[in-house]
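J.: Make a model of this:
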Amino acid sequence: MDKNKVICLDHLSILKISGEGAFDLLQGQITCDVDKVTSENSVLGALCNAKGRIISSFIFCLLKKKSYALISSKETLNHTRDELKNTTGLEDMMLLQRGSRLSIQPVTPPQWKIIMKIAENKGSEK
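T.: Just a heads-up that it's a prediction; the model follows:
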């Protein structure tokens, strides 16, 4: 059996979420415990709808403090991005796309309040 292989992963993309509100936005929206992800370990995660049905699944990892990456197919991450942008108050959240990378930029103060409200609601459900 060969020890080394080269595998084309051009079907994958990265959705980068960073900034002051990244932790709270993600902790309130995805199935992962964001606090347990480190730069040395990633986890599988999902974004679910209000009924608990999976909208998208991805590999979730920490890039650096307050900066996270969701890795999945381009199509899946497009659904994930659209779902996050459909959250009331976050419709105008700025996104950048460079090649196959999508980035959510720092949020505005009104968006931050919505993110904190989402995090509070998710925390009270536990």
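J.: burial of residue 70, as a residue count?
T.: Close neighbours of residue 70, defined as other CB atoms under 10 Å, add up to 26. For the C-beta atoms, the positions are set from N, CA and C on the backbone; glycine is no exception.
J.: One more: residue 120?
T.: For residue 120, using other CB under 10 Å, the count is 11.
J.: On the three-state scheme, it is what?
T.: helix (DSSP: H, G, I helix; E, B strand; the rest coil).
J.: and residue 70, what does it touch?
T.: Neighbour list for residue 70: 14-15, 17, 45, 58-60, 77, 80 [criterion: CB atoms under 8 Å, 6 or more residues apart in numbering].
J.: What strands line up against the helix or strand hosting it, and which way round?
T.: Using DSSP states H and E, residue 70 sits within strand 67-73. Its sheet considered, strand 67-73 pairs with strand 12-18 (antiparallel), strand 54-64 (antiparallel) by DSSP bridges.
J.: Give the buried subset of the contacts of residue 70 as a PyMOL selection command.
T.: To isolate the buried members of the contacts of residue 70 in PyMOL, using 16 or more other CB atoms under 10 Å:
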select buried, resi 14+15+17+45+58+60+77+80
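J.: What are the buried residues along the strand holding residue 70?
T.: Those would be 68-72, for strand 67-73 by 16+ other CB under 10 Å.
J.: how about the contacts of residue 70 in TSV, adding distance to residue 118 and pLDDT?
T.: As requested, the contacts of residue 70 are exported to TSV (distance: CB to CB, whole Å; pLDDT from 0 to 100):
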residue	distance to residue 118	pLDDT
14	23	86
15	18	86
17	14	83
45	16	93
58	19	93
59	23	92
60	17	93
77	20	85
80	15	84
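J.: Tell me the one of the contacts of residue 70 nearest residue 110?
T.: Nearest to residue 110 among those is residue 17, at 17.9 Å by CB to CB.
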